[in-house]
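**Student:** Sharing a sequence plus its predicted fold:
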Amino acid sequence: MSQYVGAIDQGTTSTRFMVFDHSGNEVARHQLEHQQILPQAGWVEHDPTEIWERTRAVIQSTLTKADLQASDLAAVGVTNQRETTVVWNPKTGRPYCNAIVWQDTRTDRIAAELERAGHGDTIRHKAGLPPATYFSGGKLRWILDNVPGVAEAAERGEAYFGTTDSWLLWNLTGGVDGGVHVTDPTNASRTMLMNLETLDWDEELLSIFKIPRSMLPAIAPSSNPELFGKTRADGPFGGEVPLAGVLGDQQAATVGQVCFRPGEAKNTYGTGNFLLLNTGTEIVRSEHGLLTTVAYRFGDAEPVYALEGSIAVTGSAVQWLRDQLGIISGASQSESLARQVEDNGGVYFVPAFSGLFAPYWRSDARGAIVGLSRFSTNAHLARATLESICYQTRDVVEAMQADSGVQLDVLRVDGGVTANELCMQLQADFLGVPVSRPVVAETTALGAAYAAGLAVGFWSSTDELVQNWHEDKRWNPTGSEEQRERGYARWQKAVSRTLDWIDVDE
């Protein structure tokens, strides 16, 4: 009997393959970064071919290191950076252009025109999303309008669209030789093209974006044993393994954090921050700048929905300190540098590099560091960077509580930034609620493994998964309510300074 479940985690900066046992413990992993392509200000691209090559490499390396074969895996799940848009030729297997990454803002005019044309409310109601540069539909429209030959190829049925899950599934199941063109509702719900109620592509939305339906993948439940296909014997696994689970990365982290009951929430700290609140089978339409999205759909069960607050720049702000400013040599140094000062010295950093996402949705915003004086040091800037992660999260929590009426008792956290103990303590302080990190911090990959394992009976139920969750560390809030509110008021003042910087009509 197969003892393990594998998970492909295709993220914004890297791709990894992980293997988990029945208790949800990590058995093996390998991870490789891929290139961040920045052709001009506001543009962020990836090479889909490089991502596929990295995926093959991490699978093979993990299996070799752990001395595992395809037969040792009961199933494989896939989780992925959402919204990042790939268009390829199904006859040749070659992408028509680089993938346009979720952070990319080149579609700001498309988003603005959708609002001006009166389509914004339709998109919000049907798709649960505001017209914004973040989502895939505008990126696909841009490719059709700007990459020579793609529109004509789409009319001939020679152009497939997908987020990176679809691109990898197609390649894993044979590519030009019978590859399966499919996605799941969590990824489809990030396109502005899927109807939240029907979980199918919506004809009115397709008409608004002028996108041929033939380009789009089929939408299958997030956890199912048949519809995603099997790996090929000549592929990186060296044998057939059911591809039984697919979840967008933040929904996968929600599953990995076993947030299966309405009112349970998790926050993932990665390149950006993503806070999801389980709302059960009810579609809660946000009135405070959040997204309504599909949390997961397991088999034939009713879909479970979530409210989401998406923040574009959090962990990548720390990378900016390292790569662009050179004031730290590694991400971990941000904590030691920030600890050199007792507070931010009046410095606030709003890292609106690609505009502001939830709850503001302002593509005209740009980053700002305010409150500088001769007293300010690199340590104050490092602390302000960590505080910006926590203040942006509070922005989202405030909106989420207003939309749902749910007051958080505890915030479950995961992702790379949770290794920063100062940042997590600041988060508890700024929210006034405890912050809890699980033993298995790689909840994104774990959630994909859970979805795949449930589909094939490796795990019998979500109740069994809940038993796997164990707390590693908890941070309790310190400081007074007065301090908390005074700092937050200054943060909001700093945010106001970033607005109206870019004219999207220029």
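**Tutor:** Received the coordinates, thanks.
**Student:** OK, contacts around residue 459?
**Tutor:** Residues counted as contacts of residue 459 (CB atoms under 8 Å, 6 or more residues apart in numbering) are 22, 450, 453, 465. Where you see a C-beta, it was placed from the backbone N, CA and C, and this is true even at glycine.
**Student:** ditto for residue 131
**Tutor:** With contact set as CB under 8 Å, 6+ apart, residue 131 has these partners: 110-112, 114-115, 119-120, 123, 138, 192.
**Student:** can you list contacts of stretch 464-472?
**Tutor:** Counting by CB under 8 Å, 6+ apart, stretch 464-472 makes contact with 23-24, 255, 257-258, 260, 436-441, 450, 454, 459, all of which sit outside it.
**Student:** List the buried residues for that stretch?
**Tutor:** Going by neighbour count (16 or more other CB atoms under 10 Å), the buried part of stretch 464-472 is 465, 468-469.
**Student:** Helices of the stretch 301-450 of the chain, start to end?
**Tutor:** In the stretch 301-450 of the chain, the helices defined using DSSP state H, counting those that start in this stretch lie at 315-320, 333-338, 378-404, 421-431, 443-456.
**Student:** Would you verify that residue 76 is located in a strand?
**Tutor:** Yes - Residue 76 sits within a strand when classified using DSSP: H, G, I helix; E, B strand; the rest coil.
**Student:** and the gap between it and residue 180?
**Tutor:** Relative to residue 180, residue 76 is positioned 14 Å away (criterion: CB to CB, to the nearest Å).
**Student:** what does residue 352 give?
**Tutor:** Distance of residue 352 to residue 180, given as CB to CB: 39 Å.
**Student:** ok, the two, which is more surrounded?
**Tutor:** Between residue 352 and residue 180, counting by other CB atoms under 10 Å, residue 352 is the more crowded of the two (26 against 19).
**Student:** wait, isn't the more buried one in contact with residue 364?
**Tutor:** No - counting by CB atoms under 8 Å, residue 352 stays clear of residue 364, with 9.4 Å between them.
**Student:** need the contact list for residue 371.
**Tutor:** Residue 371 neighbours (CB under 8 Å, 6+ apart): 344-348, 490, 494.
**Student:** will you turn those residues into TSV that also has pLDDT?
**Tutor:** Below are the contacts of residue 371 laid out as TSV (pLDDT from 0 to 100):
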residue	pLDDT
344	95
345	94
346	95
347	96
348	97
490	96
494	97
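**Student:** Any of these buried? List them.
**Tutor:** Among the contacts of residue 371, the ones that count as buried by 16+ other CB under 10 Å are 344-345, 347-348, 490, 494.
**Student:** Most distant residue from the centre of this structure?
**Tutor:** Going by CA atoms, centre = their mean, the residue of the chain most distant from its centre is residue 374, 38.4 Å out.
**Student:** per-residue confidence at it?
**Tutor:** Residue 374 carries a pLDDT value of 94.
**Student:** for residue 289, same thing?
**Tutor:** Residue 289 is assigned a pLDDT of 89 by the prediction.
**Student:** again with residue 1
**Tutor:** If you check residue 1, the pLDDT there is 59.
**Student:** Also residue 409?
**Tutor:** Residue 409 carries a pLDDT value of 86.
**Student:** Excluding chain neighbours, what is closest to it?
**Tutor:** Excluding the flanking residues, the one nearest residue 409 by CB to CB, 6 or more residues apart in numbering is residue 433, at 6.7 Å.
**Student:** quick one, what contacts that neighbour?
**Tutor:** Here residue 433 is in contact with 408-411, 477 (criterion: CB under 8 Å, 6+ apart).
**Student:** would you list those in TSV and tack on neighbour count?
**Tutor:** Shown next, in TSV, are the contacts of residue 433 (neighbours: other CB atoms under 10 Å):
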residue	neighbour count
408	19
409	10
410	16
411	21
477	17
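**Student:** for those, which one is nearest residue 51?
**Tutor:** Here the nearest of the contacts of residue 433 to residue 51, counting by CB to CB, is residue 411; it sits at 31.4 Å.
**Student:** Let me see the contact set for that closest one.
**Tutor:** Contact partners of residue 411, counting by CB under 8 Å, 6+ apart, are 265-267, 397, 427, 431, 433-436.
**Student:** Whichever of those residues count as buried, I'd like them selected in PyMOL; how would that read?
**Tutor:** Applying 16+ other CB under 10 Å to the contacts of residue 411, the buried members can be selected in PyMOL as follows:
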select buried, resi 265+266+267+397+427+431+433+434+435+436
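**Student:** What is the neighbour count of the nearest residue to residue 11 once chain neighbours are set aside?
**Tutor:** In space, residue 11 comes closest to residue 81 once its chain neighbours are excluded; the distance is 5.5 Å by CB to CB, 6+ apart. Residue 81 has 26 neighbours, counted by other CB under 10 Å.
**Student:** Quickly note the distance from residue 81 to residue 272.
**Tutor:** Between residue 81 and residue 272 the computed distance is 10 Å (CB to CB).
**Student:** And residue 311, by the same measure?
**Tutor:** 5 Å.
**Student:** just residue 427 next, same as before
**Tutor:** 15 Å.
**Student:** give me phi/psi at residue 279?
**Tutor:** Backbone torsions of residue 279, given as degrees, to the nearest 10, read phi -110, psi 10.
**Student:** Please look at it and residue 265 and confirm they touch.
**Tutor:** No - applying CB under 8 Å as the test, residue 279 and residue 265 come out as separate, 10.2 Å apart.
**Student:** just to revisit the earlier point, distance to residue 18 for the contacts of residue 433 - can I get that in a markdown table?
**Tutor:** Converted to a markdown table, the contacts of residue 433 look like this (distance: CB to CB, whole Å):
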| residue | distance to residue 18 |
| --- | --- |
| 408 | 29 |
| 409 | 30 |
| 410 | 26 |
| 411 | 24 |
| 477 | 33 |
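**Student:** Looking at those residues, which is nearest residue 63?
**Tutor:** For the contacts of residue 433, the residue nearest residue 63 by CB to CB is residue 411; the value is 35.7 Å.
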